[in-house]
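Enquirer: Sequence and predicted structure are below.
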Amino acid sequence: MREDLALALERGGIDPRGLNAIQRILLTTDGTVTDMLEAYFQEQMQVVVLAQELLDSPESIHELDLDPGQPILRREILLRGKLSGRTVLHAESVIVPGRLSERLRIGLMEKQQPIGQLLLADRLETFREIVLCTRRMVGSLARHFHLYETTPLLSRTYVIRLERQGIMRITENFPEQGM
């Protein structure tokens, strides 16, 4: 396993040997999670946008080399099976719109598409740096997954870099059970 992945898991107190194959893949992949979930569940996924707002960053964001006051797009989404209606992933993103192509900005702001698929469509060569993987209780996200608040949730936070510059920080959450 790559050293940075091992460190991200270790920081979050997760022993990869205690995870099943799909959980290890989702926590450590640098590919498009939507495609993997569609293959695993054998169902097309749809994006449900819970919140999206353009604002000035209230704080510095170290992973993105961002100072307070710079414009950011905050986005919170669910990935849900188109047929089953089952929520399989919750994600929160901080995006620096000024570092994106116009096509990608429009795709994020006006279309309900997964970020990974938009990056692929724009044919951008990006690098995903996983900074943290954790296990916690689902808490307030329970209503989206139809689970009890004490159900374990796996989470990973990563930064997407384009030409060595951070363009997005994304935290993806998925329930430990059912994966």
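Expert: Okay, I see it.

Enquirer: hey, where'd the helices end up in the protein?
Expert: 3-11, 21-28, 33-41, 102-110, 115-121, 142-145 (DSSP state H).

Enquirer: For the ones you listed, could you give me JSON lines that also reports mean neighbour count?
Expert: C-beta coordinates here come from the backbone N, C-alpha and C atoms, glycine included. As requested, these are exported to JSON lines (neighbours: other C-beta atoms under 10 Å):
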{"stretch": "helix 3-11", "mean neighbour count": "15"}
{"stretch": "helix 21-28", "mean neighbour count": "17"}
{"stretch": "helix 33-41", "mean neighbour count": "17"}
{"stretch": "helix 102-110", "mean neighbour count": "14"}
{"stretch": "helix 115-121", "mean neighbour count": "18"}
{"stretch": "helix 142-145", "mean neighbour count": "16"}
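
Enquirer: Looking at those, which is nearest to Leu50?
Expert: Leu50 sits nearest to helix 142-145 of all the helices of the chain, at 8.1 Å, using C-beta to C-beta.

Enquirer: Tabulate the helices of the chain in JSON lines, adding columns for distance to Glu76 and mean pLDDT.
Expert: Shown next, in JSON lines, are the helices of the chain (distance: least, C-beta to C-beta, whole Å; pLDDT from 0 to 100):
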{"stretch": "helix 3-11", "distance to Glu76": "22", "mean pLDDT": "75"}
{"stretch": "helix 21-28", "distance to Glu76": "19", "mean pLDDT": "86"}
{"stretch": "helix 33-41", "distance to Glu76": "16", "mean pLDDT": "89"}
{"stretch": "helix 102-110", "distance to Glu76": "13", "mean pLDDT": "78"}
{"stretch": "helix 115-121", "distance to Glu76": "12", "mean pLDDT": "72"}
{"stretch": "helix 142-145", "distance to Glu76": "10", "mean pLDDT": "95"}
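
Enquirer: So for Leu66, which of these sits nearest?
Expert: That would be helix 102-110 among the helices of the chain, by C-beta to C-beta, at 16.4 Å.

Enquirer: Which strands and helices lie in contact with the closest one?
Expert: Helix 102-110 is packed against strand 71-81, helix 115-121, with contacts defined by 3 or more C-beta pairs under 8 Å, 6 or more residues apart in numbering; DSSP states H and E.

Enquirer: want to try CSV for the ones you listed, with distance to Thr157 as columns?
Expert: Listed next are the helices and strands packed on helix 102-110 as CSV, based on distance: least, C-beta to C-beta, whole Å:
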stretch, distance to Thr157
strand 71-81, 14
helix 115-121, 14
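
Enquirer: nearest to Thr87, of the ones you listed?
Expert: Nearest of those (C-beta to C-beta): strand 71-81, 4.9 Å.

Enquirer: With that, I have no additional questions.
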